[in-house]
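1. show me how the following folds:
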Amino acid sequence: MPSLHSPSDAVDALAQMHARAVDALSEAVRRYADRRIPPTPAEREAFRYPELRVTYAPDAPAPRISRAYAHLTWPGEYAVSITQPDFFRPYLEEQLAHLMRDYGVELAVRVSDAEMPYAFAIDAADGEALEGTPASEIARFFPSPRLAHVGDAVVDGARLDRMDGVRPLALFDAPRTDYSLKRLDHYTGAPWRDCQPWILFTNYQRYVEEFVRWAAEEVARDPGAYLSCPGRVRVDHQTPDGADAAMNAPWRKYQMPAYHLVRSDGNGVTLVNIGVGPSNAKTITDHLAVLRPHCWMMVGHCGGLRHTQRIGDYVLAHAYLRRDKILDDRVPLEVPIPPIAEVQVALNAAALTVSGDTSDELRRRLRTGTVVSYADRNWELNYRAERQVLSQSRAIAVDMESACIATQGFRMRVPYGVLLCVSDKPLHGEIKLPGAADRFYERAINEHLRIGLKTIELLQSDVSSLHSRKLRSFDEPPLR
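-> The predicted structure follows:
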């Protein structure tokens, strides 16, 4: 296991090992589909992920670094199995460059002990060839996903004691990452490779329509950009009627359709319609987190809880009353979910710019405070029991997804933010009647979405400071 001289050398070695493993596994699967010849034990040894190792042997005190990631606390070896190294190349090279420059670490690559499940390696043609073969039969001869080996122990702070004493190098290993990549394709209908590092979540299809119109305009102006849609529909600058083509994509077939504006500079934007409910919010963020995005934000609707609020006002969440119960066993309720200052400032600045309001005018339309999230859409029917806790929390808005989005960001070390638009006032008898609802949507959605997009533009100017130290735990893996 010779040392490597640079991050690019390390990723090159990872890519070669990963490609060999995929090729060997795919070839063995095709052979079994054609002739029912299982792999030999020696052949199966080739079906393994590569492993990246970092050795830290300091000869001086550790440097004082303000950066929130790429830190080393303890001397010794750190390791993680790696998948899709070509896709993760920019991320890996950046993280490893910090560690080599600041800590003088040694890099090495070897074959890991983790087998590559066949379902994560085969392509569509191989999958069709295996359709007539029971999964239990294939699992007799080929590695298959084992849930005991796929989890979030590192994310949730569990201590993992390896026999060799090596510490985890990253939050997610290869099997966990591949598991999520497959799920992203399944839930969103768009290729996971097109997911962008800046992510917006919404709970209304009308935001998707506005995003598609905006993205189609961006694509028309930039020959290097394209819009990736559900059903693997792709819109580029040569696509006639790009917005119509995108909206005609078969998004209804997918639970949480995603649209990715892919830019050549890597600063594209993804919009995911997560629908209604915290379960969807947790599901999609569990999987998007393995891509290590720079930020995710919720731009959706909420119910206003204060009589001074008006339909169309904004709520900038800075705290969350978690009544959805979706993450209580992972992040105990007594753990605070702090606002990310950089995101809060950018959201407020974007609202000023996009709305054209003065600071005083915006102050009347945008209120900062606590958002309460429920799993029960009809929480109003239990209002008598909920009234006291709502009052004690000083909550100003209610929805179903925001607390989960923020808590998952905190848990997964992904910067997060929530800007909601008041679409009704359930405690004050103001509900969306059909005519008023249409007028509200036409007026509010364009501005609201543009604020989210402008926020991303502002955050892109200083990405390193965005990854706040408040998201890092005591004994954190080095890689962001």
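2. list the strands paired with the helix or strand that contains Val299, with their directions.
-> Counting by DSSP states H and E, the secondary-structure element that holds Val299 is strand 295-304. Applying DSSP bridges to the sheet, strand 295-304 is found paired with strand 198-202 (parallel), strand 395-399 (antiparallel), strand 416-424 (parallel).
3. can you pull the buried residues of the second one?
-> For strand 395-399, a neighbour-count test (16 or more other CB atoms under 10 Å) marks 395-399 as buried. From N, CA and C alone the C-beta is placed, and that goes for glycine too.
4. and which of the residues you listed is nearest His71?
-> The shortest distance between His71 and any of the buried residues of strand 395-399, using CB to CB, involves Asp399 and amounts to 35.2 Å.
5. so how many other residues sit close to the residue nearest to the closest one when sequence neighbours are not counted?
-> In space, and not counting its chain neighbours, Asp399 is closest to Cys302: 4.2 Å by CB to CB, 6 or more residues apart in numbering. When counting by other CB atoms under 10 Å, one arrives at 29 neighbours for Cys302.
6. gap between Cys302 and Leu316?
-> As defined by CB to CB, to the nearest Å, Cys302 lies at a distance of 11 Å from Leu316.
7. again, but for Phe87
-> As defined by CB to CB, Phe87 lies at a distance of 34 Å from Leu316.
8. between those two, point out the one with more neighbours.
-> Of the pair Phe87 and Leu316, Leu316 is the one with more neighbours under other CB under 10 Å, namely 21 against 16.
9. is it true that that one touches Leu347?
-> Yes. Counting by CB atoms under 8 Å, Leu316 sits close enough to Leu347 to count as a contact (5.8 Å).
10. quick check: neighbours shared by these two?
-> In the contact map built from CB atoms under 8 Å, 6 or more residues apart in numbering, the residues linked to both Leu316 and Leu347 are Leu419.
11. that older thread, what's the closest of the strands paired with strand 295-304 to Lys470?
-> Closest to Lys470 of these, according to CB to CB: strand 416-424, at 11.4 Å.
12. count of neighbours near Leu466?
-> Around Leu466 there are 18 residues (other CB under 10 Å).
13. equivalent analysis for Phe141, please.
-> Burial of Phe141, expressed as a neighbour count using other CB under 10 Å, amounts to 17.
14. how about the backbone phi and psi for it?
-> Main-chain dihedrals, Phe141, degrees, to the nearest 10: phi -120, psi -20.
15. on the three-state scheme, the closest residue to it other than its chain neighbours is what?
-> With CB to CB, 6+ apart as the measure, Pro38 is the residue that lies nearest to Phe141, at 3.8 Å, once sequence neighbours are left out. For Pro38, the secondary structure call by DSSP: H, G, I helix; E, B strand; the rest coil comes out as coil.
16. measure Pro38 to Asp329 for me?
-> Distance, Pro38 to Asp329, using CB to CB: 40 Å.
17. Asp102 too?
-> Computed with CB to CB, the distance linking Asp102 and Asp329 is 37 Å.
18. neighbour count: those two, which is higher?
-> Remark: of Asp102 and Asp329, Asp102 carries more neighbours, 15 against 8, as counted by other CB under 10 Å.
19. wait, Leu352 touches Arg363, no?
-> No. Between Leu352 and Arg363 no contact is recorded; they are 10.2 Å apart, counting by CB under 8 Å.
20. more neighbours, the two?
-> For the pair Leu352 and Arg363, the greater number of neighbours falls to Leu352 (17 against 11), based on other CB under 10 Å.
21. for the stretch 51-200 of the chain, which spans come out with low pLDDT?
-> By pLDDT under 70, the low-scoring segments of the stretch 51-200 of the chain are 124-127.
22. quick one, strands of it?
-> For the stretch 51-200 of the chain, the strands identified by DSSP state E, counting those that start in this stretch occupy 76-81, 106-115, 167-168, 198-202, in order along the chain.
23. for the protein, which helix is longest?
-> Residue-count comparison of every helix in the chain, with assignments taken from DSSP state H, identifies helix 7-35 as the longest.
24. by contact count, what packs against that one?
-> Using 3 or more CB pairs under 8 Å, 6 or more residues apart in numbering; DSSP states H and E as the contact criterion, the secondary-structure elements in contact with helix 7-35 are strand 48-56, helix 89-103, strand 106-115, helix 124-129.
25. quick check: buried residues in the longest one?
-> Think helix 89-103. Of the residues in helix 89-103, those scored as buried under the neighbour-count criterion (16+ other CB under 10 Å) are 89, 91-92, 95-96, 98-100, 103.
26. and which of these is nearest to Arg387?
-> Of all the buried residues of helix 89-103, the one with the least separation from Arg387 (CB to CB) is Tyr91, at 46.9 Å.
27. what residues are up against that closest one?
-> Under the contact definition (CB under 8 Å, 6+ apart), the residues listed for Tyr91 are 292, 480.
28. what about it, distance to Leu419?
-> From Tyr91 to Leu419 the distance is 27 Å (CB to CB).
29. run a quick neighbour tally on Gly312.
-> Applying other CB under 10 Å, we find 16 other residues in the vicinity of Gly312.
30. hmm, it is touching Arg443, no?
-> Yes. If you go by CB under 8 Å, Gly312 and Arg443 touch, sitting 6.7 Å apart.
31. for Arg232, find the nearest of the helices and strands packed on helix 7-35.
-> helix 124-129 (11.0 Å).
32. flag every buried residue along stretch 252-267.
-> Neighbour-count burial for stretch 252-267, counted by 16+ other CB under 10 Å, picks out 254, 256-263, 267.
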